[in-house]
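Enquirer: A predicted structure for the sequence below; I have some questions about it.
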Amino acid sequence: MRAPREPARLEPPPQKAMPEMVETEGQETSEDDFEEFWCQFCGREDPSFTLPALDIHYWRECPMLSACKHCEQVIEISRLHWHLSEECEVREAAIEARRLQPDRCPLCQGRVARGMPEERDWQEHLLVMGCPSNPRGRSPR
Ligand SMILES: [Zn+2]
Ligand SMILES: [Zn+2]
Ligand SMILES: [Zn+2]
């Protein structure tokens, strides 16, 4: 029973109005505070997100991610083709990759964009339209 149930919180030091003090690193101090509480892939924000809850989201829910069916790593769907052809250690993955086209959705084989899809095209396909073959689908609301 040594682990605290809640992560220790460091209160940021009070802001002092001292012009000419901070020159090198001001600006982006507050950004880290948010990182644990929203999904960097689908952008979902949830006040109940903690690190373990985010993990579960990545593993089971996030529509931008998919578990590689060969090695079971969770991969961004936009990188799944690359993973299968280059990264995955299971040999069958490369064989499957040959049947896929890098500019198409690896789940539904649908066209994601004209030409090579960019980040926003994947978001459109996976989050806005919803991929018809993605078992995770869009989050219900
Ligand atoms: Zn997500
Ligand atoms: Zn794999
Ligand atoms: Zn698709």
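Expert: Here it is on my side, so go on. Ligands and ions are numbered 1, 2, ... in the order given.
Enquirer: so what's residue 51 scoring on pLDDT?
Expert: At residue 51, the predicted lDDT confidence score is 88.
Enquirer: Then the one 10 residues further on?
Expert: Per-residue confidence (pLDDT) for residue 61: 94.
Enquirer: Equivalent analysis for residue 24, please.
Expert: So, for residue 24, pLDDT stands at 53.
Enquirer: same thing with the one 3 residues further on?
Expert: In the predicted model, residue 27 carries a pLDDT score of 51.
Enquirer: next one: residue 48
Expert: 87.
Enquirer: Near it, how many other residues are there?
Expert: A count of nearby residues for residue 48, using other Cβ atoms under 10 Å, gives 7. Where you see a C-beta, it was placed from the backbone N, CA and C, and this is true even at glycine.
Enquirer: Quick check: the spatially most central residue of the chain vs residue 130, distance?
Expert: When Cα atoms, centre = their mean is applied to the chain, the residue found nearest the centroid is residue 41 (2.7 Å). Counting by Cβ to Cβ, to the nearest Å, the gap from residue 41 to residue 130 is 15 Å.
Enquirer: Would you list the phi and psi of residue 73?
Expert: phi -70, psi 150 (degrees, to the nearest 10).
Enquirer: can you check residue 75 too?
Expert: phi -130, psi 150.
Enquirer: With adjacent residues omitted, what lies nearest to it?
Expert: Excluding its sequence neighbours, the residue lying closest to residue 75 (Cβ to Cβ, 6 or more residues apart in numbering) is residue 83, at 4.7 Å.
Enquirer: which residues sit in contact with that neighbour?
Expert: 68, 73, 75, 93 (Cβ atoms under 8 Å, 6 or more residues apart in numbering).
Enquirer: Ok, residue 65 next?
Expert: Per Cβ under 8 Å, 6+ apart, neighbours of residue 65: 41, 58, 74, 75, 76, 77, 136.
Enquirer: ok, and the most crowded of these?
Expert: Neighbour-wise, the contacts of residue 65 (other Cβ under 10 Å) top out at residue 77, 23 neighbours.
Enquirer: That one: what's it in contact with?
Expert: Counted by Cβ under 8 Å, 6+ apart, residue 77 has contacts 64, 65, 66, 105, 106, 107, 122, 126, 131, 134.
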